[in-house]
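Chemist: Show me how the following folds:
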Amino acid sequence: QVQLVESGGGLVQAGGSLRLSCAASGRTFSSYAMGWFRQAPGKEREFVASINWSGSSTRYADSVKGRFTISRDNAKNTMYLQMNSLKPEDTAVYSCAAIMSRRSYPPLSTSEYDSWGQGTQVTVSS
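Modeler: Numbering: from 1, shown residues only. Alright, predicted model coming up:
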């Protein structure tokens, strides 16, 4: 497994932007598929976006397509989530996740990941 630490959360007005980062420990970051998930109060954790080991393939939840962009820098052992045009319904704790995988397409479900960060709060005010 890999250790993950998220940063970049905060309070932003609707329509604003934030960039989340997920820093990973270890020397094999480039062998991991990565994902972002979020959990709002009283709701189950949901998929936001994922990226394969090389960055050549990405997947997004319909609710964030066109507004969020996932990316990674394997040289820096870091994954990012650029969030634009934020809405109050994007308010949640955002967590990054990892699974060692060199498949072409990154996983979508929480059960497919085995390493998780502690999460960072994103609050979007109306």
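
Chemist: what sits opposite the most centrally placed residue in the chain in the beta ladder?
Modeler: Note on the chain: the residue nearest the mean C-alpha position is Trp36, at 2.3 Å, using C-alpha atoms, centre = their mean. Each beta-bridge partner of Trp36 is listed here: Ala49, Cys96, as defined by DSSP bridges.

Chemist: Could you tell me which residues make contact with it?
Modeler: Trp36 is in contact with 20, 22, 48-50, 70, 79, 81, 94-97, counting by C-beta atoms under 8 Å, 6 or more residues apart in numbering. In short, each C-beta sits where N, CA and C put it, glycine included.

Chemist: do Asn84 as well
Modeler: Here Asn84 is in contact with 17, 67-69 (C-beta under 8 Å, 6+ apart).

Chemist: repeat that for 7 Å
Modeler: With C-beta atoms under 7 Å, 6 or more residues apart in numbering as the criterion, the residues that contact Asn84 are 17, 67.

Chemist: Check it and give its pLDDT.
Modeler: Reading off the confidence values, Asn84 has pLDDT 98.

Chemist: Kindly report the same for Ser125.
Modeler: Ser125 is assigned 97 on the pLDDT scale.

Chemist: what sits against Ser95?
Modeler: 6, 37, 116-117, 119.

Chemist: which one is it nearest to, not counting chain neighbours?
Modeler: Using C-beta to C-beta, 6 or more residues apart in numbering and skipping the chain neighbours, the partner closest in space to Ser95 is Gly119 (4.3 Å).

Chemist: Surely the one you found is in contact with Val5?
Modeler: No: contact status for Gly119 versus Val5: not in contact, 10.2 Å apart, counting by C-beta atoms under 7 Å.

Chemist: Kind regards, and thank you for your time.
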